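>>> model the following, please.
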Amino acid sequence: MPLTFFNDWTFGAIKGDQVVDLTEPTSHFTVIKPQDQLEAVITHCDQVRGDLESRTALQDGVALARGE
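Predicted structure coming up:
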């Protein structure tokens, strides 16, 4: 699952030609910088992967061309 930041550091996943907001399922990580958030997701991948994958599959995202 390709992960990314969009719209001023909103954490998300790329799904086709869309990007899905994954802020809510990663909000329990207490981080200050976007890099720290990504590191927390990678470190705890086993615990969060299922939730991130299911939310990415179920949610509509915004067009990649619109992500700023």
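>>> and the nearest residue to Asp21 once chain neighbours are set aside, what element?
Nearest non-adjacent residue to Asp21, counting by C-beta to C-beta, 6 or more residues apart in numbering: Gly12, 5.2 Å away. C-beta coordinates here come from the backbone N, C-alpha and C atoms, glycine included. Assigning secondary structure by DSSP states H and E places Gly12 in strand 10-15.
>>> surely the residue nearest to Asp21 meets Met1?
No: look at Gly12 against Met1 with C-beta atoms under 8 Å: they stay out of range, at 10.3 Å.
>>> hmm, back to that, pLDDT score for the residue nearest to Asp21?
On pLDDT, Gly12 comes in at 94.
>>> follow-up on the earlier one: who has more neighbours, Gly12 and Met1?
Neighbours per residue (other C-beta atoms under 10 Å) separate Gly12 from Met1, with Gly12 holding more: 25 against 12.
>>> chain center to stretch 45-61: distance?
How far stretch 45-61 lies from its chain's middle: 8 Å, per C-alpha atoms, centre = their mean, to the nearest Å.
>>> Glu53 in helix, strand or coil?
What DSSP: H, G, I helix; E, B strand; the rest coil gives for Glu53 is helix.
>>> find the nearest non-adjacent residue to it, please.
Per C-beta to C-beta, 6+ apart, closest to Glu53 is Met1, 6.2 Å.
>>> tell me which residues touch the one you found, please.
Taking C-beta atoms under 8 Å, 6 or more residues apart in numbering as the contact definition, Met1 lies against 13-14, 52-53, 56.
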